[in-house]
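[1] Whatever this is, show me its structure:
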Amino acid sequence: MKKNIAIIMGGYSSEYQISLKSGNVVYKALDQDQYTAYRIHIFKDKWVYVNDLDEEFPIDKNDFSVHIDGSKITFDCVFNAIHGAPGEDGYMQAYFELLNLPQTSCDMYQAALTFNKRDLLATLKPYGIKTAESYYLNFGDPIDETAIIAKVGLPCFVKANKAGSSFGISKVYKKEDLQAAIDNSFKEDNEIIIEQFLDGVEVSVGVISYQGETRVLPITEIVSENDFFDYEAKYLGKSQEITPARISEYYAQKVSVEAKRIYETLKMKGFSRSEFIFKNDEPYLLEVNTVPGLTNESILPKQATQAGISMKDLFANAIEEAMTK
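    The predicted model follows:
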């Protein structure tokens, strides 16, 4: 009997358009003989099922069901394709856990932890995971530019603490540009992280649970045409994403071990994509994404393809693993 799969997409953050693209890729890739897929748009003002005619049917939040032509539809599993809030920060995970409804991403705690860059890096430091020097600011804190530069140096990165797709991030070269960068980050989040610039090769490492085992996917090297891997570089073709990465076997082995160790230390499930920069022959962790992009242009699907895993199998495996745990 075919399973009913709700593909949640959209969300409350600046990443909603990317999420809609990811969700639609999943919708088109799922095996129609195995699953009946439903596109569920999650927005602050509405949760709706959207059919192929773009007709909308409201979701009953009491049990995450939908009534279509007089029939009540419930779901066997939720495929989470929401980047950012509320799909990547733990809220949807907690909601579905309360409903005892399987979902494809990591659990609530892991989602909340990894979405908060400051908390993630602090949690992993005792395990020997290397990270850049950083300085934290909350909205309303006094801003001591001299102290910031003394801690992280110039150039530096100013980032929104809880945001993705490079929203709210700036690279700062001069002290007089620091305030504008801070203001930009505070548009995305009330917490920011200011990090030391690491000059080295940047790589992205996908780690997934596949057929019951933790699997590290082929590594992607990031070469941005812009000053860093910003929104244009990620989504508008202003970068080269080279898979497999043009790095030595020594580098590849080292960063693969670190990425897998992070995944298993945090007791992750589903998909993850960790970003690193090499400095002095060591991989330094930048961040971990638990609902990475799933569009045809996205890194993790390309890594899976390189590993011999089709989009259909990648998504089906995530669903089957979620339903057996």
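[2] From here on, just use CA atoms for contacts and neighbour counts.
    Noted.
[3] Contacts only, for the spatially most central residue of the chain.
    The residue lying closest to the centre of the chain (Cα atoms, centre = their mean) is residue 289, at 3.0 Å. By Cα atoms under 8 Å, 6 or more residues apart in numbering, the contact set of residue 289 is 114, 115, 272, 273, 274.
[4] do that again at 6 Å, thanks
    272, 273 (Cα atoms under 6 Å, 6 or more residues apart in numbering).
[5] What residues are bridge-paired with it?
    residue 273 (DSSP bridges).
[6] before we move on, what about residue 135?
    With DSSP bridges as the rule, residue 135 is bridged to residue 194.
[7] what's the pLDDT at it?
    Note for residue 135: predicted pLDDT of 96.
[8] wait, isn't it in contact with residue 196?
    No: with contacts counted by Cα atoms under 6 Å, residue 135 stays clear of residue 196, the gap being 8.8 Å.
[9] And the chain, what are its domain boundaries?
    According to automatic domain parsing, the chain comprises the domains 3-104, 113-129+199-324, 134-196.
[10] Need the distance between the two termini of the last one.
    Taking Cα to Cα, to the nearest Å, the span from the opening residue of domain 134-196 to its closing residue is 6 Å.
[11] cool, and the longest one?
    Looking at domain 113-129+199-324, the gap from its leading to its trailing residue is 24 Å under the measure Cα to Cα.
[12] now swap in the first one and tell me
    Across domain 3-104, the straight-line distance between its terminal residues is 14 Å, by Cα to Cα.
[13] now that domain, how far from the chain's geometric center?
    How far domain 3-104 lies from its chain's middle: 17 Å, per Cα atoms, centre = their mean, to the nearest Å.
[14] check contacts around residue 66.
    Contacts of residue 66 by Cα under 6 Å, 6+ apart are 59, 60, 72, 73.
[15] Using the three-state scheme, assign it.
    strand (DSSP: H, G, I helix; E, B strand; the rest coil).
[16] Quick check: the gap between it and residue 87.
    Applying Cα to Cα, the value for residue 66 to residue 87 is 19 Å.
[17] now do residue 49
    16 Å.
[18] Neighbour count: the two, which is higher?
    Using other Cα atoms under 10 Å, the more surrounded residue of residue 49 and residue 87 is residue 87, with 28 against 23.
[19] What pLDDT is listed against that one?
    We note a pLDDT of 97 for residue 87 in this prediction.
[20] In a strand, it, correct?
    No: assessed by three-state DSSP, residue 87 does not belong to a strand; its assignment is coil.
[21] For the remainder of this discussion, apply numbering that starts at 17.
    Let's use 17 as the start, then, which means that last one is residue 103.
[22] And the residue of the chain positioned farthest from its centre, what's its pLDDT?
    For the chain, the largest distance from the centre (Cα atoms, centre = their mean) belongs to residue 86, which lies 36.9 Å off. With respect to pLDDT, residue 86 has a value of 93.
[23] Check residue 254 too.
    Reported pLDDT for residue 254: 59.
[24] Over to the one 3 residues further on?
    Note on residue 257: pLDDT of 92.
[25] How about the secondary structure of residue 21?
    When classified by three-state DSSP, residue 21 comes out as strand.
[26] Check the gap between the residue farthest from the centre of the chain and residue 102 for me.
    Taking Cα to Cα, one finds residue 86 at 29 Å from residue 102.
[27] Equivalent analysis for residue 309, please.
    For residue 309, the distance to residue 102 - Cα to Cα - is 15 Å.
[28] Residue 291: neighbouring residues, count only.
    Other residues close to residue 291 by other Cα under 10 Å number 21.
[29] Also residue 303?
    Other residues close to residue 303 by other Cα under 10 Å number 20.
[30] which residues sit in contact with residue 308?
    By Cα under 6 Å, 6+ apart, no residues touch residue 308.
[31] so it sits in a helix?
    No: counting by three-state DSSP, residue 308 is not part of a helix but coil.
[32] Could you check how far it is from residue 214?
    Note on residue 308: its distance to residue 214, by Cα to Cα, is 23 Å.
[33] same deal with residue 187?
    On the measure of Cα to Cα, residue 187 and residue 214 end up 12 Å apart.
[34] What segments of the stretch 217-341 of the chain are strands?
    218-226, 229-232, 236-240, 255-258, 287-295, 298-305 (DSSP state E, counting those that start in this stretch).
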